[in-house]
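A.B. asks: Here is the input, now give the coordinates:
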Amino acid sequence: GRTGWLAGARDAEVGKALALMHRRPAHPWTLAELAKESGVSRSVLAERFRHFLDAPPMTYLTAWRLQLGARMLASTSQSVAQVAAAVGYESEPAFNRAFKRLFGAPPARFRRQSRAAPSPGPAPGTPAPKSALGTRAATQAPKRAAKRAPRRGAKRRR
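C.D. replies: This is a model prediction of the structure:
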């Protein structure tokens, strides 16, 4: 069958999960909650999500939040902390680390460089996103980072 974002959006269960994430990106989603809302088990949702989007749901959500944050940084005057909160990050430092991992520059520098651009595209010398949303590399970066830096006080799952 077909794969990709559009095919995933057309799938009943994956489409529901995508719609929820896109409608409410700042919500503290869990795989269990997305699966329940989509009407399937966690394992079925994760497997189908991987099939269509080549990434687990939470990895996709992280990349989506960072893409939204990049848009907000380029188009609003909200502070980095406000942008971080608006896209679902509880702390500005966590947003800064994740953002730099995906875009190759911290949010403040990304904003300065995107504002200096004469066109809607990135300014010359602006680091392009290391990969596009939905590609394996984009969705794997947050996953690798999560493995390296578990949350404080959280038990690491294998």
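
A.B. asks: Which pLDDT value goes with the most centrally placed residue in the chain?
C.D. replies: For the chain, A63 is the residue whose C-alpha lies nearest the centre (CA atoms, centre = their mean; 1.9 Å). Predicted confidence (pLDDT) for A63: 95.

A.B. asks: How about A149?
C.D. replies: 43.

A.B. asks: still on that earlier bit, so the residue nearest to the centre of the chain, which state does it fall into?
C.D. replies: helix (DSSP: H, G, I helix; E, B strand; the rest coil).

A.B. asks: Please report how far it lies from D54.
C.D. replies: To D54, A63 is 11 Å away according to CB to CB, to the nearest Å. Just so you know, the C-beta spots here come from the backbone N, C-alpha and C atoms, and that holds for glycine as well.

A.B. asks: circling back to that earlier point, correct me, but the residue nearest to the centre of the chain touches L102?
C.D. replies: Yes - with contacts counted by CB atoms under 8 Å, A63 reaches L102, the gap being 6.9 Å.

A.B. asks: can you pull the contacts of H27?
C.D. replies: L20, G88 (CB atoms under 8 Å, 6 or more residues apart in numbering).

A.B. asks: Repeat the analysis, applying 7 Å as the threshold.
C.D. replies: For H27, the contact set (CB atoms under 7 Å, 6 or more residues apart in numbering) comprises G88.

A.B. asks: Check V83 too.
C.D. replies: Contacts of V83 (CB under 7 Å, 6+ apart): G69, M72, L73.

A.B. asks: Where does it sit, in terms of helix or strand?
C.D. replies: According to DSSP states H and E, V83 maps onto helix 80-86.

A.B. asks: what comes up buried for that helix?
C.D. replies: With burial defined by 16 or more other CB atoms under 10 Å, the residues of helix 80-86 counted as buried are V80, V83, A84, A85, A86.

A.B. asks: other SSEs contacting the host helix or strand of A98?
C.D. replies: Using DSSP H and E, A98 falls within helix 92-103. Under the contact definition 3 or more CB pairs under 7 Å, 6 or more residues apart in numbering; DSSP states H and E, helix 92-103 sits against helix 57-75, helix 80-86, helix 107-116, helix 136-148.
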